[in-house]
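Peer 1: pasting a predicted model and its sequence here:
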Amino acid sequence: MSIQKIFKFPEPVLRQKTENISLFDDNLAKLVQDMAETMYDAPGVGLAAPQIGRSVKLIVVDITKDKEGEPQHMPLVNPEIVAHEGTQIDEEGCLSVIDLTATVKRHKKISVAYQDLQGQAQELSAEDRFAVVLQHEIDHLNGILFIDHLSPLKRALYKKKVKKWQREEEDPS
Ligand code: NI
């Protein structure tokens, strides 16, 4: 297992359409382990493969129930939202979008179809915060970042800030 580099906006890999996963082998299991380790190191509660530069349909989410116990993660391969209802507004941030949190409107409840690490078809229902995390991570697989859900003004301000940081990195004087 090893901690991977997290790609940050505006890296192009975060905007790419991801490939379906069809091989359920040891390499996939290892990728999941790396993603879980990277997520907990950050720390975060969800991570999508493009965030470590892998353009495939895979997300890992934290499902730890007991805060005292061992952290527990869950991989979802080729996940897709198949049903949704209601709306909720909650605060979001992203390990790939540094120094920004903002409120985003999401579905309140969702059903997600996915495959497990053995390639078996599964479905789960989620609501509230867990539904937010899943929608946020599944967005990553379609090249969508939470800033895309903000107003054009807020998004423009953030992009301006990132450009300023990039200029400062190039010319630290
Ligand atoms: Ni994110």
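Peer 2: The structure has been received and is ready for your questions.
Peer 1: how near is Glu168 to Lys30?
Peer 2: Distance from Glu168 to Lys30, counting by C-beta to C-beta, to the nearest Å: 37 Å. (C-beta placed from N, C-alpha, C; glycine too.)
Peer 1: apologies, that question was intended for Asp99.
Peer 2: Using C-beta to C-beta, we find Asp99 at a distance of 31 Å from Lys30.
Peer 1: between these two, which one's more packed in?
Peer 2: Lys30 (12 against 9; other C-beta atoms under 10 Å).
Peer 1: secondary structure class for that one?
Peer 2: helix (DSSP: H, G, I helix; E, B strand; the rest coil).
Peer 1: Arg106 is in contact with Gln135, isn't it?
Peer 2: Yes. The pair Arg106 and Gln135 qualifies as a contact (C-beta atoms under 8 Å) at a distance of 5.0 Å.
Peer 1: the longest strand seen in the chain pairs with which strands?
Peer 2: For the chain, the longest strand by residue count, based on DSSP state E, is strand 73-94. Here strand 73-94 has these sheet partners by DSSP bridges: strand 58-62 (antiparallel), strand 97-115 (antiparallel).
Peer 1: so which helix or strand takes in the spatially most central residue of the chain?
Peer 2: The chain has Glu137 as the residue nearest its centroid, 3.1 Å off, counting by C-alpha atoms, centre = their mean. Using DSSP states H and E, Glu137 maps to helix 128-141.
Peer 1: can you spell out which helices and strands pack onto the following helix or strand past that helix?
Peer 2: Sequence order places helix 152-170 as the next helix or strand after helix 128-141, per DSSP H and E. Counting by 3 or more C-beta pairs under 8 Å, 6 or more residues apart in numbering; DSSP states H and E, the packing neighbours recorded for helix 152-170 are strand 97-115.
Peer 1: what's the angle from the strand it packs on to helix 152-170?
Peer 2: 120 degrees (axes from the mean of the first three to the mean of the last three C-alpha atoms, to 10 degrees).
Peer 1: strand 97-115 vs helix 128-141, what angle?
Peer 2: Counting by the same axes, to 10 degrees, strand 97-115 lies at 90 degrees to helix 128-141.
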